[in-house]
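> Predicted model follows, preceded by the sequence.
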Amino acid sequence: KTARDSGLQVTVVEKMDRLLARNLSPRGSEVLAGLLAGKGVRLLAGRSVQSIDGSAGSAAIALDDGTRLTAELVLLAIGARCDTGLAGAAGLQTARGVRVNAFLQTSSPSIFAGGDIADSGRPAECSARRAAAQGRLAGKNAAAVLLNRPLQPYIEEAASLDLKYRDFELHLAGQGADPDHGCLEIFLEDSDGLRYRSVVQRNGATVGVQMVGSSTDFQKYAKEIAGS
């Protein structure tokens, strides 16, 4: 949005089949894509970059479906994959990362893990603030084991995104609408393709809220998540 307002042509290549698939429901992603398209942003979803050649003064980009793009500026956001080789060789249980319980304790009772490598079995949500909080608790619990004291559980903090730029708004907190984790989406508003609001519930409790094009009652539902 900022780049478009500066007069730049913008193309977004998204490997997933829709925008923010881990955070937004399919309908929420559709509304977000529509708002961006209305601002002149070109979206290529379900595709990935195979190569980038910058030797000619501008970047020549090849996608996996044969599409060729040319750009003067390329911004990459490709994420990371945890290297669990050392932990596995040490005998710790691993999956996406190093498996931990509610106390950030690994399969070896005297070893703890925090941050992106810590895999509790829930969807991964990379956050520097969360990693710092987990690191502090992992250290405290490691010391507690040595002192034979009770362990403290990690209290999950709801991840959030609160973005407003001129007439563009995107507000997310907590979990996305993932039926595989027992989450049910309750629609609050879905009007004219410009505004979309919903809450995500699990076992009757609000665990997530997602809003595109509006922030009405966002803080209210975000507080419900924090108190659940």
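Right, received. Where do you want to start? Numbering: from 1, shown residues only.

> List the buried residues in the longest helix seen in the chain.
Counting residues, the longest helix found in the chain (DSSP state H) is helix 128-147. Judged by neighbour count using 16 or more other Cβ atoms under 10 Å, the buried positions of helix 128-147 are 130, 133, 134, 135, 137, 138, 141, 142. Any C-beta I mention is one placed from the backbone N, CA and C, and that applies to glycine too.

> what is the rounded mean pLDDT of stretch 48-56?
Mean pLDDT, computed over stretch 48-56, is 88.

> ok, and what's touching that stretch?
Stretch 48-56 has contacts (Cβ atoms under 8 Å, 6 or more residues apart in numbering) with 13, 15, 59, 60, 61, 62, 63, 64, 74.

> Just give the number of residues close to residue 107.
15 (other Cβ atoms under 10 Å).

> Local confidence estimate at it?
97.

> What is the neighbour count of the closest residue to residue 139 other than its chain neighbours?
The shortest distance from residue 139 to any non-neighbouring residue, by Cβ to Cβ, 6 or more residues apart in numbering, is to residue 112 (7.6 Å). Neighbour count of residue 112, defined by other Cβ under 10 Å: 26.

> contacting residues around residue 112?
Applying Cβ under 8 Å, 6+ apart, the residues near residue 112 are 100, 103, 104, 105, 106, 138, 139, 141, 142.

> go with 6 Å
104, 105, 138, 141, 142 (Cβ atoms under 6 Å, 6 or more residues apart in numbering).

> For residue 87, see how far away it is.
Using Cβ to Cβ, to the nearest Å, residue 112 is found at 12 Å from residue 87.

> Could you list the buried residues of the helix or strand containing residue 61?
Under the criterion DSSP states H and E, the helix or strand holding residue 61 is strand 59-63. Of all the residues in strand 59-63, those buried under the rule 16+ other Cβ under 10 Å are residue 61.

> what helices or strands is that strand leaning on?
strand 49-53, strand 68-71 (3 or more Cβ pairs under 6 Å, 6 or more residues apart in numbering; DSSP states H and E).

> can I get those strands in CSV with mean neighbour count?
Converted to CSV, these look like this (neighbours: other Cβ atoms under 10 Å):
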stretch, mean neighbour count
strand 49-53, 12
strand 68-71, 12
